[in-house]
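**Student:** my questions concern the predicted model and sequence given below.
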Amino acid sequence: MNITDLYQELIIDHSSRPRNQGEIASPTGKADGYNPLCGDKVTVFLKIENDIITELRFIGTGCALSIASASLMTEALTGKSVATATALSADFKRILTTDDPTHLPLGKLEALIGARHFPARVKCVTLGWHTLEAAITRQTTPVTTELNTELG
Amino acid sequence: MKIENIRRDFPILQKTFNTYPLTYLDNAATTQKPQIVIDALSQYYESMNANIHRGVYALSEQATKAYEEARHTVQRFINAPTARECIFLRSTTEAINLVATSFGELFINAGDEILISAMEHHSNIVPWQMLCQRKGAFLKVIPINTAGELDIEALEQHFSAKTKLLAICHAANAIGTLNPIQTIIQKAHAHQIPVLIDAAQSAARCPIDVQALDCDFLTLSSHKIYGPTGVGVLYGKAKWLEIMPPYQGGGDMILSVSFDKTTYNDIPFKFEAGTPAIASTIAFGSALNYVNAIGLDWIAAHEKQLLEAATEALSSLPFIRLIGTAKNKIGILSFVMEGVHPHDVGSIADQYGIALRTGHHCAMPLMDFYQVPATVRASFGLYNQAEDIDRLIKALHAIHKLFGK
């Protein structure tokens, strides 16, 4: 696989026009994520009502892969139950970081899976997701990709 | 000097990546190694491996001789008055930390000031910050203009009776600015301020004469001068090194040890605790011999040509903005592509076999100054050629197009 195959129309589209960008005024959960290697920053806001993610938004700066991934994530998980979102997030990260290919149907998110062939870019794609999980669990310390993926 | 002949000396340049020839443009991070350096490493392990400075047997004496010969090669390379003023360490980073710790312990007190510039690598910022924190001293930063040149007038305004050291790079790793260190050192010395020069980026291309410069300390790294990783050099004037306390305790740095008292060895050994990177240090000597054989003057002229051609080519692309446009530069070009994050540029360029650096280049304060999160950096070495620039420009066009700009 060539890395240019990763930069499909969908990714370019979501990176140049990210969906659900912006803050939520009084979120149920909010978390900051940071990739110290490349300086990518993302903040995820969400609103959970009756165990359903009714609103999911983000702000951030970063490369096309990190922004597109966060954007696609907000589309995929809005309206999902917390349990489904958490399971999907775990699946998504596992596919990217291990050789275990079994996973739930991912829909548009499949476009990001190719990043598994480019280890240097996996953290870009997972940054928003790590941050989402922190927002769900209301973790108050910022997430960094270094601690999450390298030291387990 | 034929560039094809030079390129043949580097095995890695003969390889292909992704079916493309390697276009290695990350020489500011580390340089590739010529066969002669690779051979020196294996020859040492095949026929000379022994610990140094202690053995009474022939093998150890041979290893010691080769290791100390490398020290003399370094001495000649920077024209140090004596070899004992050249200390072998792990890296430039360790060399700066040694000065911050050891010189700092002796000379820096609460309220004192240490001067650096706004274009420093983190390794010439953080050790001083740590020292200032320990001692209650203050770190002062000499500003730069938008071209990335040091504000020489501001330099003198920053000198005070409290200034105890000026630490500055010869050339800036993130943007390539070449500082007028001769002038800077003279001005600092006029105020009795000792000067540390970080020559990590310049040593592989600018002839360095520490006696003519009269710098108090100078640091460099083997792996940026075509030598192995894991070896750095601290040059220091004997008058400082002799009175500075040891940096680390251990074997080799002592004359005698009892549980009551330890007598330290003389310089340079006082600062070389433990078994060093013997093979790498010897191979570093081979790297310096290689560079000398080609000639720093030739290398400087060659890289200047590449810098000028690349600057012209990149400036002609409307979607590229150069970061750092100092009049005097080494072969480093930092830039951003309109609407495309540097990380994406670097990642896609890699597909064409082009190795570029992307990120903050361990110079986050400088990125803040230019208000960019990161840049793409292309940096030249002695084996780069005009084709490398052509390939880079072609790739940049392709990346720009891919993003539909």
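**Tutor:** Received, thanks. Numbers count the residues shown, from 1 in each chain, chains lettered A, B, ... in the order given.
**Student:** drop to CA atoms for contacts and neighbour counts, all remaining ones
**Tutor:** Will do.
**Student:** list of residues touching the longest helix along chain A?
**Tutor:** As assigned by DSSP state H, the longest helix anywhere in chain A is helix A:119-136. If you take Cα atoms under 8 Å, 6 or more residues apart in numbering or on different chains as the criterion, helix A:119-136 is touched by A:29-35, A:40, A:42-46, A:63, A:65-66, A:69-70, A:73, A:82, A:86, A:89, A:93, A:96-97, A:112, A:115-116, A:140, A:143-145, A:148-149.
**Student:** report the rounded mean pLDDT for it.
**Tutor:** In this model, helix A:119-136 has a mean pLDDT of 94.
**Student:** narrow the contacts of helix A:119-136 to those in strands?
**Tutor:** A:29-35, A:40, A:42-46, A:143-144 (DSSP state E).
**Student:** check contacts around the residue of the stretch 201-350 of chain B found nearest chain A.
**Tutor:** As assessed by Cα to the nearest Cα, chain A sits closest to residue B:341 within the stretch 201-350 of chain B, at 4.9 Å. Contacts for residue B:341 were tallied using Cα under 8 Å, 6+ apart; they are A:62, A:63, A:64.
**Student:** surely the second one touches residue A:40?
**Tutor:** Just to be clear, that refers to residue A:63. Yes. Here residue A:63 reaches residue A:40: they are 7.1 Å apart, a contact under Cα atoms under 8 Å.
**Student:** which residue does the stretch 1-150 of chain B bring closest to chain A?
**Tutor:** residue B:18 (8.9 Å).
**Student:** wait, that residue touches residue B:351, no?
**Tutor:** Yes. Using Cα under 8 Å, residue B:18 makes contact with residue B:351 at a distance of 6.5 Å.
**Student:** of these two, who's got more company?
**Tutor:** residue B:351 (17 against 12; other Cα atoms under 10 Å in any protein chain shown).
**Student:** just give the number of residues close to residue B:19.
**Tutor:** Residue B:19: 10 neighbours (other Cα under 10 Å).
**Student:** contacts only, for the most centrally placed residue in chain B.
**Tutor:** Per Cα atoms, centre = their mean, the C-alpha nearest to the average position across chain B is that of residue B:200, at 1.3 Å. Taking Cα under 8 Å, 6+ apart as the contact definition, residue B:200 lies against B:92, B:169, B:170, B:171, B:219, B:220, B:221, B:224.
**Student:** which one of those has the most neighbours?
**Tutor:** Neighbour-wise, the contacts of residue B:200 (other Cα under 10 Å) top out at residue B:221, 31 neighbours.
**Student:** pull the contacting residues for residue B:223.
**Tutor:** B:30, B:31, B:229, B:230, B:231.
**Student:** for the last one, give me its contacts.
**Tutor:** Spelled out, that is residue B:231. Counted by Cα under 8 Å, 6+ apart, residue B:231 has contacts B:88, B:89, B:90, B:91, B:221, B:222, B:223, B:277, B:280, B:281, B:284.
**Student:** nearest residue to the second one other than its sequence neighbours?
**Tutor:** Taking Cα to Cα, 6 or more residues apart in numbering or on different chains, and ignoring the residues beside it in sequence, residue B:89 has residue B:232 as its nearest neighbour in space, at 4.8 Å.
**Student:** that neighbour contacts residue B:97, doesn't it?
**Tutor:** No. Counting by Cα under 8 Å, residue B:232 does not reach residue B:97; the two are 11.8 Å apart.
**Student:** helices of chain A, residue ranges please.
**Tutor:** A:3-6, A:9-16, A:64-77, A:82-97, A:110-113, A:119-136, A:145-150.
**Student:** okay if I get those helices as JSON lines plus distance to residue B:378 and mean neighbour count?
**Tutor:** Below are these laid out as JSON lines (distance: least, Cα to Cα, whole Å; neighbours: other Cα atoms under 10 Å in any protein chain shown):
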{"stretch": "helix A:3-6", "distance to residue B:378": "20", "mean neighbour count": "16"}
{"stretch": "helix A:9-16", "distance to residue B:378": "25", "mean neighbour count": "18"}
{"stretch": "helix A:64-77", "distance to residue B:378": "21", "mean neighbour count": "25"}
{"stretch": "helix A:82-97", "distance to residue B:378": "30", "mean neighbour count": "18"}
{"stretch": "helix A:110-113", "distance to residue B:378": "28", "mean neighbour count": "18"}
{"stretch": "helix A:119-136", "distance to residue B:378": "19", "mean neighbour count": "24"}
{"stretch": "helix A:145-150", "distance to residue B:378": "26", "mean neighbour count": "14"}
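**Student:** nearest to residue B:403, out of those helices?
**Tutor:** helix A:9-16 (6.4 Å; Cα to Cα).
**Student:** the closest one - what's its average pLDDT?
**Tutor:** 94.
**Student:** repeat that for stretch A:50-58.
**Tutor:** The model assigns stretch A:50-58 a mean pLDDT of 97.
**Student:** then stretch B:106-116?
**Tutor:** 98.
**Student:** list, one by one, the residues from chain A near chain B.
**Tutor:** For chain A, the residues in contact with chain B (Cα under 8 Å from any Cα of the partner chain) are A:2, A:3, A:4, A:7, A:12, A:37, A:38, A:39, A:62, A:63, A:64, A:65.
**Student:** understood, closing this out.
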